[in-house]
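S.K.: Below is the structure, and that's it, no one-letter string:
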C-alpha cells in the first residue's frame, strides 16, 4: 500500500497507526521527503516521533530541506514500526512524504508444529574465481 501525506504550517503533524486488535506485523517505509509548490526558501525540519523500548516518546530529525540547496531527500525505504508520527519541527512547508505500508500476516501457529516440514538447505558458499 502506498502512503503519502503533506505537512504544512497549518497541519504540522501526521500520525500513522494501525488497529490495536490487528495481530499482523506492519512495516512503514519512508522513501521520499520533498518540498512542494509554495515552499519558501527556509529550513524545513521533519522529524519522526515514536516510542522507545521504555515506551518513552522520542523524536528524531530525518530531513532538513531548503528550497535553494536541498529540496528533496531520498530515505531509501527507511523502515518504521507503527504507530509513528511525522512532524514539521521547523519551517512552514509544504513538505510531502511518500512511502509504503506493508502488512505481513503471521502464520497460523499450528503450521510450525508440522513434523513433515524439512528446513531448506542452502548450497555451500563457493570461493570467488579470480
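M.R.: In hand now; what should we look at? Since we're looking at a predicted model, the values are computed, not measured. Numbers count the residues shown, from 1 in each chain.
S.K.: So residue 7 versus residue 70, what's the distance?
M.R.: 16 Å (CB to CB, to the nearest Å). Where you see a C-beta, it was placed from the backbone N, CA and C, and this is true even at glycine.
S.K.: and the two? which has more neighbours close in?
M.R.: residue 7 (24 against 14; other CB atoms under 10 Å).
S.K.: Test for you: state the pLDDT assigned to the more buried one.
M.R.: Here the pLDDT value assigned to residue 7 is 95.
S.K.: Repeat that for residue 118.
M.R.: We have a pLDDT of 45 for residue 118.
S.K.: What of residue 87?
M.R.: We have a pLDDT of 96 for residue 87.
S.K.: dump the residue contacts of it.
M.R.: Residue 87 makes contact with 7, 12-13, 46-49, 59, according to CB atoms under 8 Å, 6 or more residues apart in numbering.
S.K.: Among those residues, which are located in strands?
M.R.: 7, 13, 46-49, 59 (DSSP state E).
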